[in-house]
Each structure stands twice: as structure tokens, then as C-alpha cells.
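A.B. asks: With the input below, show me the fold.
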Amino acid sequence: MVLALKDYFVWDSWYVRDGDLWHGFFLKAARAIGDPDLRHFNVSYGHATSTDLINWDHLGTCFEPSSGDKWDNYTVWTGSVVRGDDDLWHLYYTGTRKDEVGLPQRIGHATSTDLHNWTRVGDGLILDLTGPHAHHYEADFAEGVWHDRAMRDPWVLRDPSGDGWLMYFTARVSGAAEPNNGGCIGFATSPDGYDWTLQPPVFAGGYGQLEVPQVFQADGQWFCLFCTCAEHFSEAQAGLTKPVSGNHYLIGEGPRGPWRIAPGFLDGDVPCRRYAARILQTDKGLAILGFADRPDGVDFVGHIMDPEPVVVTQDGLLHVISNLNAAE
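C.D. replies: A predicted model of the protein is given here:
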């Protein structure tokens, strides 16, 4: 049984476990809009719970764009949720403005006591491509170079080497000679989860964009999962691996890197079967789940697929044990 809603397109998702219960958050848009490509600009967050990542109870909408003249009054896109030192749940999310047509993206912050009702911290805005390290990034919309000014999909975790928190996000570096070699994993740090400082990217290159990053450790190895499309492979990367659309990863020596692109490609195809995946540590081991995209090359499906097992091989690589008969 997949996480599907009859009346809504469902796509990017993220998860947090509270005791025996998994909470899944996901982007959704009413199927009544017709064209699924319009979903990004008619978006809200859905919330569902599960004990096994297969059978889900949908709890309805839990977060939406702001009203009025706010920095996030157009869209709220992909984020992550963690429990803070203050015992609150913290949502870090992507936001855009209507009067900017959603082109510049910024990162916001909200908190909750119950994982469903969220309150923005101030006006929500906590991070933009500004400050002494902004020159490392494509900080202004580069018309004719890329389709947006990327700063989205924040992934937050505790700093395992000390106090504070680390944030990773999708961005682009400045001055890349080849647009498809300009994607990067942006980086920021915070002592308390509230005040954030932009840092230089921890990785750049290989693709035009590395979307929906997720940094985690498994079997003593650090990984950064991301998703990308066949048309966003750099010339060099396309020379190493046949371009596909889906989910791949970086291998790191630690949470700050250095990072390198793993060989091959983890979970991709043309047309795209699964996108914006997450890898979760379950009681049975690692599992990957993401949304069904356009597996037939035509129709957008728009639901979260059932999880499939993932293992770390003896040479320290990730491998998906795929069940191609699973519902798509």
C-alpha cells in the first residue's frame, strides 16, 4: 500500500520517528489543477503517520504559504524536521515570494509541540544567500544560465563533532563555466538551531543541481543522498555514467566532507521511476522511499512508493534491493 491521496498529487517527502511512530511530511497539490507541472505553485504540506512506512494514516494539511506580504507567501517547499534541545520539534523549510515569481528561494523555520500544528519563528526567515560567504554561491538569479536562484531543501542534523547544528541545502556555485557543473550542496551552521550562519558549500560539481540532500551515517560511513535529472549531468559526469533521473549519493570522510560522487548511480532510470528519495534507518535496516514520478514516460503518478531495502556493501557503497513488482 503506497502513500497516495485520491484528490492530491504527492511528491517530495521527509520523515521523523517519534517512539514507534513515523511521521511523514510531503508536498501536495490538488489534482483539480489539471497539469501536474503546476503543482509546485499550488502547494501545501500533508502529514501522515505510520508504524511500518507502508500503512499510513493521513492527518491532513499541516503547513501552508503565508498570507499577506511575506517572504514565503507563494510556496513552501521541501524541508526537514528535528527535535531541538528545547524539546520542541523544528521544521526547516523552503519558501518563495509571489512578487519574485518564486525565483529566489530562501530557508525558513517553524516549531511545533505535536508535529502537526506549526508556528513560524518570527516571520520564519532564517537564512538567505547573504553575508561574507555569499560570493561562493550563485546568489542572484542568473537569467539564461539557470531556471532559478537555488537555495532550497534544507536538511538539518546535530553536529556529531560538537555542540550545535548543521544544515545542508540545494544551491549553485558562482561562475561555473558549464551550467551543468554548477550544482552544489550548500552549508550553514548554528549553535542553537535558531541563529544560522551561511558557510561555503561542502561540495560542488558533477550536476547542474543536487536536489533534496540528506546527510546520514551508516556502518561508519557518511553519505549525502541527492536526486538529479538526466539532463543535468555535466559533460564529465555523463562520460562516466549514462545519464538517468533519480537518486544518487556522495561519500564523505565526515559530515563536513570532503565529499566525492559515488561511482555508478544508485537508483535511477529514464523515464524516472522514483525521485526525491529518503533513506531511513528502520528496525529492519536501511530503507529507501520516494515519490513515483513518470515511470511510463508520460503520466505523472504523484504518490509515495513503498520502501525498498538498502544495504551498505563491503566496499562501503549503497545498494538498493529493488522490488520492481512493487506498486508504482
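A.B. asks: When you work out contacts or count neighbours from here on, use the C-alpha atoms and nothing else.
C.D. replies: Fine.
A.B. asks: pretty sure His135 is in a helix, no?
C.D. replies: Yes - counting by DSSP: H, G, I helix; E, B strand; the rest coil, His135 falls inside a helix.
A.B. asks: Just the local confidence number for it, please.
C.D. replies: His135 is assigned a pLDDT of 97 by the prediction.
A.B. asks: quick one, what contacts it?
C.D. replies: Ser174 (C-alpha atoms under 8 Å, 6 or more residues apart in numbering).
A.B. asks: tell me, how many neighbours does Asp267 end up with?
C.D. replies: Applying other C-alpha atoms under 10 Å, we find 22 residues neighbouring Asp267.
A.B. asks: contacting residues for it?
C.D. replies: Applying C-alpha under 8 Å, 6+ apart, the residues near Asp267 are 246-248, 274, 320.
A.B. asks: Run through the helices of the stretch 201-328 of the chain in chain order.
C.D. replies: In the stretch 201-328 of the chain, the helices defined using DSSP state H, counting those that start in this stretch lie at 235-240.
A.B. asks: for it, which spans come out with low pLDDT?
C.D. replies: Low-confidence segments of the stretch 201-328 of the chain, defined by pLDDT under 70: 324-328.
A.B. asks: Could you rerun that using 80?
C.D. replies: Applying pLDDT under 80 to the stretch 201-328 of the chain flags residues 323-328.
A.B. asks: And for the stretch 1-150 of the chain?
C.D. replies: Using pLDDT under 80 as the threshold, the predicted model of the stretch 1-150 of the chain has low-confidence ranges 1.
A.B. asks: Could you report the pLDDT at the residue nearest to Trp196 when sequence neighbours are not counted?
C.D. replies: On the basis of C-alpha to C-alpha, 6 or more residues apart in numbering, the spatially nearest residue to Trp196 that is not a chain neighbour turns out to be Ser190, at 4.6 Å. At Ser190 the predicted local confidence, pLDDT, stands at 98.
A.B. asks: how many neighbours does the residue lying closest to Thr241 once chain neighbours are set aside have?
C.D. replies: The shortest distance from Thr241 to any non-neighbouring residue, by C-alpha to C-alpha, 6+ apart, is to Gly264 (6.0 Å). Taking other C-alpha under 10 Å as the neighbour definition, Gly264 ends up with a count of 12.
A.B. asks: Show which residues not belonging to stretch 173-187 make contact with it.
C.D. replies: 135-139, 145-146, 151, 166-172, 198-210, 213, 232-235.
A.B. asks: before we move on, what about stretch 5-18?
C.D. replies: 4, 22-32, 36, 39, 78-82, 275-278, 290-292, 301-304.
A.B. asks: buried subset of the contacts of Asp267?
C.D. replies: In those, burial by neighbour count holds for 246-248, 274, counting by 16 or more other C-alpha atoms under 10 Å.
A.B. asks: For my notes, please list these in a markdown table and give distance to Trp71 for each entry.
C.D. replies: Shown next, in a markdown table, are those (distance: C-alpha to C-alpha, whole Å):
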| residue | distance to Trp71 |
| --- | --- |
| Gly246 | 30 |
| Asn247 | 30 |
| His248 | 31 |
| Arg274 | 31 |
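A.B. asks: Taking those together, which two end up most distant?
C.D. replies: Across the buried ones among the contacts of Asp267, the two members that end up farthest from each other (C-alpha to C-alpha) are His248 and Arg274, 11.3 Å apart.
A.B. asks: overlap in contacts of those two?
C.D. replies: Both His248 and Arg274 are in contact with 267-268, where contact means C-alpha under 8 Å, 6+ apart.
A.B. asks: out of the contacts of Asp267, which are inside strands?
C.D. replies: Judged by DSSP state E, strands contain the following of those: 246-248, 274, 320.
A.B. asks: okay, these in a markdown table with distance to Tyr15 next?
C.D. replies: Putting the ones in strands among the contacts of Asp267 into a markdown table (distance: C-alpha to C-alpha, whole Å) gives the following:
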| residue | distance to Tyr15 |
| --- | --- |
| Gly246 | 19 |
| Asn247 | 17 |
| His248 | 19 |
| Arg274 | 17 |
| Val320 | 19 |
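A.B. asks: Out of these, flag the one nearest to Gly122.
C.D. replies: In terms of C-alpha to C-alpha, no member of the ones in strands among the contacts of Asp267 lies closer to Gly122 than Asn247, at 34.5 Å.
A.B. asks: need the contact list for the residue nearest to the closest one when sequence neighbours are not counted.
C.D. replies: Taking C-alpha to C-alpha, 6+ apart, and ignoring the residues beside it in sequence, Asn247 has Cys227 as its nearest neighbour in space, at 4.2 Å. Cys227 makes contact with 210-213, 245-248, 275-277 under the criterion C-alpha under 8 Å, 6+ apart.
A.B. asks: Look up how far Ala48 lies from the residue nearest to Trp196.
C.D. replies: From Ser190 across to Ala48, the span is 29 Å (C-alpha to C-alpha, to the nearest Å).
A.B. asks: Between these two, tell me which one has more neighbours.
C.D. replies: Neighbour comparison, Ser190 and Ala48: the larger count goes to Ala48, with 21 against 17 (by other C-alpha under 10 Å).
A.B. asks: Go ahead and confirm the more buried one touches Leu27.
C.D. replies: No - proximity of Ala48 to Leu27 does not meet the contact threshold set by C-alpha atoms under 8 Å, at 11.6 Å.
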